[in-house]
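Visitor: pasting the sequence and the predicted model now:
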Amino acid sequence: MFKKILIANRGEIAVRILRACRELGIQTVAVYSEVDRSSLHVRLANEAYSIGPAASRESYLRIDKLMDVAKKAGCDALHPGYGFLAENPALPRACADVGVTFIGPPADAMDAMGSKTAGKQLARRAEVPTVPGTSDPIENPEEAQSLARSMGYPILLKAIAGGGGKGMRVVPSDTEFASAWRDAASEALNAFGDSRVFIEKYLVGPRHIEIQIFADAHGRCVSLGERECSIQRRHQKVVEEAPSPVVTPDLRRKMGEAAVRLGRAGGYVNAGTVEFLVDADLNFYFLEVNTRLQVEHPVTEQVTGLDLVKLQIAIAAGHRLPFAWESITPRGHAMEVRLYAEDPDNNFFPSPGKIIARHAPTGPGIRLDEGVYEGWTVPMDYDPLLSKLIAWGNSREETISRLRRALDEYTITGIRTNVSLFRRILTEPEFLRGEIHTKWLDELLARARPPAVPPRPGTEEAALIAAALWHSANLNGSAAPSGASQAAPSQWKMEGRRRQVDRIP
Amino acid sequence: MKFEIQLSGPSGKKKHVVELTRTSEAYAVTLDGQPVEASAVQVSPNTVSVLLDGQSFEIHLSRSIGGKIKLQCGPHEFSAELIDPRSWRGRKQGALEVEGRQEIVAPMPGKVVRLLVGAGDAVEAGQGLLVVEAMKMQNEIRSPKNGKVERLLAKEGQNVNAGEVLAWVE
């Protein structure tokens, strides 16, 4: 087993990996940018090294700096987490050059499966169903249009280098084809420097269901079941659950077998996720492979009882998978919501800042994976994911009620969060019936918001009393600014002066 | 202690008078002149638990920009402004000139991109002290009064939060 692991990431996933290492008795080495000095992953690690300025291009994306740290600290393995360099084959290659084990798939498997077209070609070879469409980018718009006609509208134009919804266009009918083609190509060129586009059949109202696979270096590859991730806002997942409300044991077996075939065909090793679109008739179509640990891995952990990060480390250390696929069936239900520092009342605008106070939910069936703490300032330089709140229970209903209860307990003061979005989703009748698809949330948000539930009687009076008490408690000096070298000036005096300032027209 | 509080919430804005009288272990509360059956305890620096006729409320408070108090009670948000009788006296005297030490605070989260003065410099009212960049916009933070930069707490390149003290002008 490894002695010391370099965690090439930050935030909640760095903390998640750290915890797995601690449980395994492995030393941890964190890296941090200038703005992350006081981040939780740095505080919890055994060692931590600065790798540059806030901009990720100059810190978390610098393979050379990571390798320097790995050598300096004497690490024998590196975990990339998700995001940043996790799906860049240059990282495992650089690790191999300095004799550090990369905890993830081999670079060749990333090449073979990572890009959308490569993954699709592999899927066809492995007889995994794909959405009807072209596997190669098409250069000629006329040729593309005649293909689109033969496939039948609506169709989807997708940038070959795309991601996060950029360079993607739905074409509802033939008349819109030419302009959509131009838009998709120019958007792709601007966003990714690659204007190549391919075509596929557009499925109406599909679900996003993905299969977690694990493969060891000794030829065994298994499926750990599915996750339903249909609740997405602009192609970004916000709620994930396992099992899916629509997947039957038979469908689970078929999707699992397809995902495993794909993994074997690509020479895959370690944790990977095969994403599928599932239509109303429960036909599934390959979407893409994520050659890394997923953000939503905890829901699989909660229904399988496995620790996927520990499993990743064990496989990277050459261990065999300790179980056969037949023994893995989901137990109970798990659901995750992604809490972001963003303002749902202001078009989900990022809301970084200092967390003045927070109360984290606990209790039965609740897990919180996070990298934040009271007093920490959420930097404005990275993805504003604060916490992943995960609930599990015996049934989907129990899981949802636990999640709702936990969201009510969760308070965070100082920054805005998207908690209210989940309060809304988790009470929508369609969601409760499991009637969801990948556009469901965007459609929900386009509808008028239901009238706010008025505060229960007494809330305003309680707020007034709280304001008076808190104000007077702060006047008594309990909130004197810390670190002031001289005695704090009278709060009454300061307040009076401040009021006067406000009065200047 | 008597407080005049302007409360803004989902049902609008209204002025109230709250009186807290310290008894042996708790507070006696009157609301707009009426005594109420209430128990209020500050359970953590930013949380007050209120029992009102047996109903339990948990209120989270923080200071927002401009000195107002932001209150959260479950999904509901309120803003409270305490009207301090003493400040009215000041106004009657026509005191428009800002007196005493002034804390210069960041009006928004951002990054200090430039310092325009040094500690100890004499400054005039309206003179730029430093530049804070937020959302790609540069904002000059000006001195509210004639005086001297007593302390300069901000450093070039430092990230600051809304309400964070940047400098003191005496």
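Guide: The structure has been received and is ready for your questions.

Visitor: okay, now the unreliable bits of the chain?
Guide: You didn't say which chain, so I picked chain A. A:135, A:162-165, A:323-327, A:475-490, A:498, A:500-505 (pLDDT under 70).

Visitor: try again with chain B
Guide: Looking at chain B by pLDDT under 70, you get B:84-99, B:135-137.

Visitor: give me the most central residue, it.
Guide: Taking CA atoms, centre = their mean, the centroid of chain B lies closest to residue B:67, which sits 1.9 Å from it.

Visitor: give me the three-state assignment for that residue.
Guide: Secondary structure state of residue B:67, per DSSP: H, G, I helix; E, B strand; the rest coil, is coil.

Visitor: now do the one 5 residues further on
Guide: Of the three states, residue B:72 takes strand under three-state DSSP.

Visitor: that one reaches residue B:57, doesn't it?
Guide: No. Under the criterion of CB atoms under 8 Å, residue B:72 is not in contact with residue B:57, lying 11.0 Å apart. (Each C-beta comes from the backbone N, C-alpha and C, glycine too.)

Visitor: got the domain boundaries for the chain?
Guide: Because you didn't say which chain, this covers chain A. Chain A breaks down into these domains under automatic domain parsing: A:4-103, A:132-201, A:207-446.

Visitor: actually chain B
Guide: With automatic domain parsing as the reference, chain B has domains B:2-86, B:102-169.

Visitor: tabulate those (TSV), appending distance to chain A.
Guide: What follows is the domains of chain B, written out as TSV (distance: least, CB to the nearest CB, whole Å):
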stretch	distance to chain A
domain B:2-86	4
domain B:102-169	5
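
Visitor: make CSV out of those domains and add distance to residue A:422.
Guide: Formatted as CSV, the domains of chain B follow (distance: least, CB to CB, whole Å):
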stretch, distance to residue A:422
domain B:2-86, 11
domain B:102-169, 24
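
Visitor: what about the closest residue to residue A:111 other than its chain neighbours, neighbour count?
Guide: Leaving aside its sequence neighbours, residue A:111 sits nearest to residue A:89 (CB to CB, 6 or more residues apart in numbering or on different chains; 5.5 Å). Neighbour count of residue A:89, defined by other CB atoms under 10 Å in any protein chain shown: 19.

Visitor: bridging residues for the residue in the stretch 301-450 of chain A positioned nearest to chain B?
Guide: Proximity of the stretch 301-450 of chain A to chain B (CB to the nearest CB) peaks at residue A:357, 3.7 Å away. Beta bridges link residue A:357 to residue A:413, judged by DSSP bridges.

Visitor: was I right to think residue A:244 contacts residue A:211?
Guide: No. The criterion here is CB under 8 Å, and residue A:244 misses it with residue A:211 at 10.5 Å.

Visitor: common neighbours of those two, please.
Guide: residue A:226 (CB atoms under 8 Å, 6 or more residues apart in numbering or on different chains).

Visitor: how much space separates the residue of the stretch 301-450 of chain A closest to chain B from residue A:375?
Guide: 9 Å (CB to CB, to the nearest Å).

Visitor: who's more crowded, these two?
Guide: residue A:357 (18 against 12).

Visitor: touching, that one and residue A:374? I think so.
Guide: Yes. Counting by CB under 8 Å, residue A:357 does reach residue A:374; the two are 5.8 Å apart.

Visitor: got the phi and psi for the residue lying farthest from the centre of chain B?
Guide: Relative to the centre of chain B, the most outlying C-alpha is that of residue B:54, 30.8 Å out, by CA atoms, centre = their mean. Here is the backbone geometry of residue B:54 (degrees, to the nearest 10): phi 90, psi -20.

Visitor: again, but for residue A:291
Guide: Dihedral angles (degrees, to the nearest 10) for residue A:291: phi -90, psi 60.

Visitor: confirm for me that it is in contact with residue A:114.
Guide: Yes. At 5.2 Å, residue A:291 counts as touching residue A:114 under the criterion of CB under 8 Å.

Visitor: pull the longest strand from the chain.
Guide: I went with chain A, as the question did not name one. strand A:221-233 (DSSP state E).

Visitor: chain B was what I was after
Guide: Assigned via DSSP E, chain B shows its longest strand as strand B:12-22.

Visitor: what strands flank the next helix or strand after that strand, and is each parallel or antiparallel?
Guide: Next in sequence after strand B:12-22, counting helices and strands by DSSP states H and E, comes strand B:27-31. Strands adjacent to strand B:27-31 in the sheet, as given by DSSP bridges, are strand B:12-22 (antiparallel), strand B:34-36 (antiparallel).

Visitor: wait, isn't residue B:123 in contact with residue B:117?
Guide: Yes. Residue B:123 lies in contact with residue B:117 (CB under 8 Å); the separation is 6.0 Å.

Visitor: shared neighbours of those two, anything?
Guide: B:129, B:149.

Visitor: which of the strands paired with strand B:27-31 sits most buried?
Guide: strand B:12-22 (a mean of 15; mean count of other CB atoms under 10 Å in any protein chain shown).
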